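1. Take this sequence and fold it.
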Amino acid sequence: MVRLISYNIEYCEGMEGLWYQYLFFWRLFFPPKNLDMRIIDALKKVNPDILTLIEVDTGSLRSRGKDQVKFIEKKLGMTSFVEKVKYPIHGWLKFFHHVPILGKQANAIISKYKLSKIKYHVFHEGTKRMVIEATVNCPKPVTLLAAHLALGKKARAAQIKELIGIVNKIKNPVILMGDFNTFNGEAEMKELMQKTHLKDRIKLDKKSIPFTEPAWHPSKRLDYILTSPKLKVTKYSILHYAFSDHLPLMVDFEFRK
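-> The predicted structure follows:
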């Protein structure tokens, strides 16, 4: 059994999604101290084998120069990671790489298994365009895809079509996860699941309502972990952590016999 968690940690700014918290603009520069350790302590209790982080700071002044990915990897006793800034390095968006704080805004995958065959896919639409691809052997190969989709509905729809093509070119079983920003509901994901055969197993969680944002009172489903039919998901949980405006998702999976 392999345990995987996908979590938008909101750069450890510590907002639960209450509207007035977004007025605390100073948290962009001075987030709560030791919030990363509080997240780590919570994650240690569930002991993930693979952790996908959305909205992670890789060393800006906001994190006091600390690469949160490397820090979390070390504290959780994991052995492999990949991180990538969300913005492409070509076109007008390459400007973001030279802006303080923005240039260190990334997504990442951390793992107890060695990550290999790492690739980066860049969407043609939207601001957040980077998709991380990595393969783990646990013990058979599984390809992981970490994505953070656009806020705009039109750009998001175009990104989903590109994701369909990315997934269908992969021969291994696939796990696609991240923050999909589906503000118009799960119907936005229908085409992706129909054309890739990826499955959403959230109904296995009998204890939670199927929403992940805002954390203080979830009313929207923005976050997903979708899995190939070759993988059997034995447990799916929404973790009720109040460290970010998103709630993390956790799955336990194994290979079907």
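
2. can you give me the helices for the stretch 101-250 of the chain?
-> 153-168, 190-196 (DSSP state H, counting those that start in this stretch).

3. looking at the ones you listed, which is closest to residue 222?
-> For these, proximity to residue 222 was assessed by CB to CB; helix 153-168 is nearest, at 10.9 Å. Using the backbone N, CA and C atoms, a C-beta is placed for each residue, glycine as well.

4. So which bits of the closest one are buried?
-> For helix 153-168, a neighbour-count test (16 or more other CB atoms under 10 Å) marks 155-156, 158-160, 162-164, 166-167 as buried.

5. The residue nearest in space to the middle of the chain - nearest residue in space that isn't next to it in sequence?
-> Among the residues of the chain, the one closest to the centroid is residue 178, at 3.2 Å (CA atoms, centre = their mean). Take residue 178 and drop its neighbours on the chain: the residue closest to it by CB to CB, 6 or more residues apart in numbering is residue 147, 4.2 Å away.

6. Next up, the contacts around that neighbour.
-> By CB atoms under 8 Å, 6 or more residues apart in numbering, residue 147 lies in contact with 107, 131-132, 159, 163, 176-180.

7. OK, contacts around the spatially closest residue to residue 233 that is not a sequence neighbour?
-> Among residues not flanking residue 233 along the chain, residue 201 sits closest, at 4.2 Å (CB to CB, 6+ apart). Residues in contact with residue 201, defined by CB under 8 Å, 6+ apart, are 225, 227, 233, 236, 251.

8. Would you mind measuring from residue 77 to residue 49?
-> Here residue 77 is placed at a distance of 11 Å from residue 49 (CB to CB, to the nearest Å).

9. for residue 148, same thing?
-> Per CB to CB, residue 148 is found 22 Å from residue 49.

10. repeat for residue 189
-> 25 Å.

11. go on, residue 97?
-> For residue 97, the distance to residue 49 - CB to CB - is 32 Å.

12. for residue 43, same thing?
-> On the measure of CB to CB, residue 43 and residue 49 end up 11 Å apart.

13. just residue 149 next, same as before
-> In this view, residue 149 and residue 49 are 25 Å apart by CB to CB.

14. Of the two, which one has the most company?
-> Higher neighbour count among residue 149 and residue 49: residue 149, with 26 against 19, using other CB atoms under 10 Å.

15. for the stretch 151-257 of the chain, which spans come out with low pLDDT?
-> Along the stretch 151-257 of the chain, no part satisfies pLDDT under 70.
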